[in-house]
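**Student:** Could you work out the structure for the sequence below:
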Amino acid sequence: SPFPFAAAPTGSACEGQPLVLRSNVTGGSSPYFYSWTGPNGFTSTAKDPVIPVAALSHAGTYNLTVTDAYSCPVTASAVVTVNQAATVNAGPNQGVCAGGTITLAGTRGGSATSSIWSAPTGTFSNTGLLTSTYTPSITNGTVILTLTSNDPPGLCPAAVSTMVVTVGNATANAGPPRIVCAGRTVNLSATIGGGATSATWSAPSGTFSNINSLNAIYTPTIASGTVTLTLTTNDPAGPCGPVVSTVVVTVRPRSNTTQNITVCQGALPYSWNSQSLTAAGTYQATLTNVNGCDSTVTLTFNINPNV
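**Tutor:** Residues are numbered from 1 along each chain as shown. Take a look at the predicted model:
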């Protein structure tokens, strides 16, 4: 190349963010051709290649060879840093009674070395403590608590996580009374509120698909009668306790009846419950009884020969 020719690669990134490698070429004659190599078998022929999601393993030495129009190569290298990202987790949402307090369960990691709690209302026993005690100042409603890490050195920003505190006495509604035929199931639809964050179903008989699901499926084991299902909330933090709501399930019976019919040979075929009978034997039909439930009718069918 008749002109002085040099290349200077650079690059840095935050973990989880794009890593952009840049080349600064001076001298030589265009067009230029680029060849990058680096950690983890990285190769590229782009001028400024991008690794979409940088990992800590992408840190290291990247080598760049640039060839100009005269096929003259120059080689340069750069040590690329990938800064570890900060992480925080404010923990699960919680419920609390008016006048109560909750113990928080935040966590942090990565390059975060400290963190601070904040909220629009209420107070913390220590805003810098992950397991700080929070005291709401409202008596009913929700408050969003925010946990923010420190801003670590390098390119990575501070991390933020939130959780919701629901303040108020626990409430529960097990839903309206239900009617079901024996052998069928009931799709429950309950609600909870206030400081309640979970609830459990119970009953003297029958089974639930999931006792902790508000929309559990209940299967009665009785053939007829009523069963009272009970929904009990958890005990929120503070002076109020759990609450209970019930729903009555009425189980209607299915019926089983028998019939005995005798006809003469000349009366065949004999029509019975949409069936055309031509031979003696036992037949069954499933109908709907006065309760709207299945009714099984068993027929003993007899044929007398013509005289």
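
**Student:** Can you pull out the low-pLDDT segments for the stretch 151-300 of the chain?
**Tutor:** Along the stretch 151-300 of the chain, segments meeting pLDDT under 70 span 290.

**Student:** what's stretch 255-269 in contact with?
**Tutor:** Contacts to stretch 255-269, defined as CB atoms under 8 Å, 6 or more residues apart in numbering, come from residues 270, 272, 276-278, 289, 293, 295-306. Just so you know, the C-beta spots here come from the backbone N, C-alpha and C atoms, and that holds for glycine as well.

**Student:** Show the buried residues in these.
**Tutor:** 272, 277, 289, 293, 295, 297, 299, 301, 303 (16 or more other CB atoms under 10 Å).

**Student:** Bridge partners for Thr262, pull those for me.
**Tutor:** Taking DSSP bridges, one obtains Asn302 as the residues bridged to Thr262.

**Student:** so what's Asn150 closest to, chain neighbours aside?
**Tutor:** Ser114 (4.6 Å; CB to CB, 6 or more residues apart in numbering).

**Student:** tally of neighbours for the one you found?
**Tutor:** If you count neighbours by other CB atoms under 10 Å, Ser114 ends up with 12.

**Student:** likewise Asn140?
**Tutor:** The tally of other residues near Asn140 (other CB under 10 Å) stands at 12.

**Student:** Torsion angles phi and psi at it?
**Tutor:** Backbone geometry at Asn140, expressed as degrees, to the nearest 10, gives phi -160, psi 140.

**Student:** That one contacts Val96, correct?
**Tutor:** No. If you go by CB atoms under 8 Å, Asn140 and Val96 don't touch, sitting 11.1 Å apart.

**Student:** what residues are shared contacts of the two?
**Tutor:** By CB under 8 Å, 6+ apart, Asn140 and Val96 have these common neighbours: Val167.

**Student:** what about the stretch 1-150 of the chain, any weak spots by pLDDT?
**Tutor:** Looking at the stretch 1-150 of the chain by pLDDT under 70, you get 1-6.

**Student:** quick revisit: gap between the residue nearest to Asn150 and Ala159?
**Tutor:** According to CB to CB, to the nearest Å, Ser114 stands 12 Å off from Ala159.

**Student:** what's the closest non-adjacent residue to Val251?
**Tutor:** Pro220 (4.8 Å).

**Student:** Could you do Gly238 as well?
**Tutor:** Gly100 (1.9 Å).

**Student:** ditto for Thr300
**Tutor:** Counting by CB to CB, 6+ apart, the residue nearest Thr300 is Asn260, at 4.7 Å.

**Student:** residue contacts, the residue nearest to Asn150?
**Tutor:** 108, 128, 149-150.

**Student:** Is it possible to get a markdown table of these that adds secondary structure, distance to Leu19 and neighbour count?
**Tutor:** Converted to a markdown table, these look like this (DSSP: H, G, I helix; E, B strand; the rest coil; distance: CB to CB, whole Å; neighbours: other CB atoms under 10 Å):
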| residue | secondary structure | distance to Leu19 | neighbour count |
| --- | --- | --- | --- |
| Arg108 | strand | 24 | 20 |
| Gly128 | coil | 33 | 10 |
| Ser149 | strand | 22 | 25 |
| Asn150 | coil | 23 | 16 |
